[in-house]
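S.K.: Structure of the sequence below:
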Amino acid sequence: KNRQTPFKLDRVIPLGETLRYKRDGTRKSRMYVQGFKQIPGVDFDLSYSPTISHGGFRLFIVLSVLTSPYNGAADAIAAYTQSDLPLDEQVWVRKPKKFRKYINGREMASLLGKSLYGLVQSGRNWWLKLYRTTHEDC
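M.R.: Here you go, the predicted structure:
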């Protein structure tokens, strides 16, 4: 499947990049989508993802303490980038200057396959992946 096309699409969202130098001399780079340029109903349909109430969270903690002597921690590293975009949703992005490709003088746009930080719908996509994963065996 071709994931690049000449840059003549109606809705191409720019990518941004941050570069940070750490104390030990290494560099950390992160790409993000400039989601504030997305238009509701055109670039995405839904962005709602449920959150737990304070009472529900407290109940969860009490039940986990009562039922398990070991209560570990969980962290999802790069959570948004682990969730796929729905098949019916196409997000075309324009790469930062140093990553751009040109064919016959025309700039290429890329089709995202996964959510990135900055997309309005990334939170919902991560929640859907988490929901499907936890309800697989039910």
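S.K.: Wait, a helix at residue 55?
M.R.: Yes: when the secondary structure is assigned by DSSP: H, G, I helix; E, B strand; the rest coil, residue 55 falls within a helix.
S.K.: gap between it and residue 61?
M.R.: Residue 55 sits at a distance of 11 Å from residue 61 (criterion: C-beta to C-beta, to the nearest Å). No exception for glycine: its C-beta is placed from N, CA and C like everyone else's.
S.K.: okay, those two: which has more neighbours?
M.R.: When residue 55 and residue 61 are compared on other C-beta atoms under 10 Å, the one with more neighbours turns out to be residue 61, at 11 against 8.
S.K.: what about that one, helix or strand, and which?
M.R.: Assigned by DSSP states H and E, residue 61 belongs to helix 54-67.
S.K.: From the chain's centroid, how far away is the next helix or strand along the chain from that helix?
M.R.: Reading on from helix 54-67 to the C-terminus, the next helix or strand found by DSSP H and E is strand 92-94. With C-alpha atoms, centre = their mean, to the nearest Å as the basis, the distance from the averaged C-alpha position of strand 92-94 to the chain average is 14 Å.
S.K.: Mind telling me what element residue 28 is part of?
M.R.: Assigned by DSSP H and E, residue 28 belongs to strand 27-33.
S.K.: who does that strand pair up with?
M.R.: Strand partners for strand 27-33, identified by DSSP bridges, are recorded as strand 12-21 (antiparallel).
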